[in-house]
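Asks: compute the structure for the input listed below.
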Amino acid sequence: MSHSFGIVIESLVAVLLLLTIGYCMLLNTRLKRLKADEHSLKATIGELITATEIAERAIGGLKHTVRDVNENLGNQLTAAAQLSQQLKKHLAEGDNVIRRLSRIAIAARPLSEAEAAPPVAAPRMSSAKAVAAAAQAFSERRRSDGLAA
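Replies: Below you'll find the predicted structure:
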């Protein structure tokens, strides 16, 4: 009995050793896959670090560009506002010149006897008066519409 008991124990140890060897082989294949995944993960991390550095440089460049554009746009807006003020002054001066010219044209035109008499029918306008009236109408239209035709 002791002889068969020893064989049973030795057989049990052999089976357990076979199971241990099989499990070690399974662990070995899993460790190989894990190491392969580790290398690919390291490569991916390296690529991410490179991409992050490139993105940081690009963001820095964009910030610099935004500052330049903002400064340039501010200068252009200031210049445009000044130009707008100058144009308003010039338009007002031009309006005054047109008014004065129309007054001069009206005053320079000598009145004939037909024009001095009270009108019976619609009076005919001379070319100087027509020009003065057109200038006056133009000036009034520009003031009311805010546009110079």
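Asks: point out where the chain drops to low pLDDT.
Replies: Across the chain, the stretches falling below the confidence threshold (pLDDT under 70) are 1, 110-126, 141-149.
Asks: and Ala105, how many neighbours does it have?
Replies: Burial of Ala105, expressed as a neighbour count using other Cβ atoms under 10 Å, amounts to 19. To be clear about C-beta, it is placed using only N, CA and C from the backbone, and glycine gets the same treatment.
Asks: that one and Ala132 touch, don't they?
Replies: Yes. Look at Ala105 against Ala132 with Cβ atoms under 8 Å: they come within range, at 4.3 Å.
Asks: using CSV, write out every CA atom in stretch 80-91.
Replies: Once non-C-alpha atoms are left out, stretch 80-91 reads as follows in CSV (Å, rounded to 0.1, in the frame of the first residue of the first chain):
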residue,chain,number,x,y,z
ALA,A,80,-10.7,105.3,-40.8
ALA,A,81,-12.4,107.3,-38.1
GLN,A,82,-10.1,110.3,-38.8
LEU,A,83,-10.7,110.0,-42.5
SER,A,84,-14.4,109.9,-41.9
GLN,A,85,-14.2,113.1,-39.9
GLN,A,86,-12.2,114.7,-42.6
LEU,A,87,-14.7,113.7,-45.2
LYS,A,88,-17.6,115.0,-43.1
LYS,A,89,-15.8,118.4,-42.9
HIS,A,90,-15.1,118.4,-46.6
LEU,A,91,-18.7,117.6,-47.4
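Asks: chain center to it: distance?
Replies: 27 Å (Cα atoms, centre = their mean, to the nearest Å).
Asks: one more: stretch 56-76?
Replies: Here the centre of mass of C-alpha atoms in stretch 56-76, compared against the chain's by Cα atoms, centre = their mean, lies 12 Å away.
Asks: Ile38 - how many residues pack around it?
Replies: No, residue 38 isn't Ile; it's Glu. 10.
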